[in-house]
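[1] here is my input; please provide its structure:
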Amino acid sequence: MHIYCFESLLVFGELIDFNVLLLFLIGAITFIAIRVFYFIHLSRKPMGTRPSRPLSILIVLGSGGHTAEMLNLLAVLQMGRFNPRYYIAAATDNMSLQKARTFEESLMDKAGEDCHYMQIYRSREVGQSYITSVGTTLFALTHALWLMIITRPQVILCNGPGTCIPLCTIAFFFKVLGIKWSSIFYVESIARVKKLSLSCLLLYKLRMADQIFVQWPQLKEKYPRANYVGRLM
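    Prediction:
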């Protein structure tokens with residue numbers, strides 16, 4: 001009789017533990033879902049007033065024309081409004097960071113400004129199999145998490161390279177969890193005339209970017225949530 005009662009108490013305790021765990025999981029999932037929908041709704045609203053102090057910015061560079069377009073874009077921005085500035089390129093891309101250093105050296109007023117040049121591992125190299133890319137993607141996400149923790153940017157600016165996806169993903173979940181707010185701005189390449197690049201399409205469909213800018217009117221018609229700004233480069 002005593003043994004039966006003891007076993008019943010154990011079963012009852014296990015049921016209580018299971019119910020508590022289930023309620024916790026449901027609560028956590030509900031909380032995250034509400035936060036995600038909140039930030040998706042918030043991203044549709046226009047940006048607020050101009051900040052009174054410089055903002056830290058993370059600038060994602062890419063091989064080929066991506067870096068050239070980004071530097072042309074930075075040349076027309078008021079760079080004094082962004083400080084410190086973090087330039088990030090793929091670990092296999094050395095030319096982009098060198099071009100960024102040359103660009104920074106060309107700026108007239110650099111007094112008191114803080115620039116950093118960093119590299120991030122790629123999620124997938126060109127020609128890499130999809131099976132092996134699972135491991136490299138997880139590694140890239142871990143590296144992106146570390147970079148976001150040490151940089152803590154207020155603004156993320158990108159224009160096409162796939163290396164921006166892990167960084168934007170981490171930044172979005174930081175916002176959802178209330179850890180850190182980073183506004184994500186994506187400027188689509190001028191070479192994209194009829195459809196968005198894969199990186200831009202992912203950020204558009206998943207609504208992770210706060211603002212997406214396109215340079216051709218037909219893209220605005222096809223993707224109405226994007227902002228048409230004309231030719232920037």
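[2] low-confidence ranges in the chain?
    Applying pLDDT under 70 to the chain flags the ranges 1-51, 108-112, 124-130, 233.
[3] who's in contact with P217?
    Y228 (CB atoms under 8 Å, 6 or more residues apart in numbering). From N, CA and C alone the C-beta is placed, and that goes for glycine too.
[4] hmm, I120 and A144 touching each other?
    Yes: using CB atoms under 8 Å, A144 is in contact with I120, at 6.3 Å.
[5] which neighbours do these two share?
    In terms of CB under 8 Å, 6+ apart, A144 and I120 are both contacted by the residues 166-167.
[6] quick one: the strands in the chain?
    Ranges of strands within the chain are 55-60, 82-90, 115-120, 155-158, 183-187, 211-214, 227-228, based on DSSP state E.
[7] tabulate the ones you listed in TSV, adding columns for distance to V193 and mean neighbour count.
    Formatted as TSV, those follow (distance: least, CB to CB, whole Å; neighbours: other CB atoms under 10 Å):
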stretch	distance to V193	mean neighbour count
strand 55-60	22	22
strand 82-90	25	22
strand 115-120	29	17
strand 155-158	19	23
strand 183-187	15	21
strand 211-214	10	22
strand 227-228	13	13
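[8] can you redo those as a markdown table with distance to I149?
    Converted to a markdown table, these look like this (distance: least, CB to CB, whole Å):
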| stretch | distance to I149 |
| --- | --- |
| strand 55-60 | 12 |
| strand 82-90 | 12 |
| strand 115-120 | 13 |
| strand 155-158 | 14 |
| strand 183-187 | 17 |
| strand 211-214 | 24 |
| strand 227-228 | 30 |
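[9] tell me which of the ones you listed sits nearest to A140.
    strand 115-120 (6.9 Å; CB to CB).
[10] so how far is the closest one off the chain centroid?
    Put simply, strand 115-120 sits 16 Å off its chain's centre (CA atoms, centre = their mean, to the nearest Å).
[11] and stretch 72-83, by the same measure?
    Worked out by CA atoms, centre = their mean, stretch 72-83 lies 19 Å from the chain centre.
[12] any idea how far apart the tips of that stretch sit?
    End-to-end distance of stretch 72-83 (CA to CA, to the nearest Å): 18 Å.
[13] how many other residues sit next to G80?
    13 (other CB atoms under 10 Å).
[14] A209 against L203, yeah?
    Yes: at 4.2 Å, A209 counts as touching L203 under the criterion of CB under 8 Å.
[15] quick check: neighbours shared by the two?
    Both A209 and L203 are in contact with 168, 184, 186, where contact means CB under 8 Å, 6+ apart.
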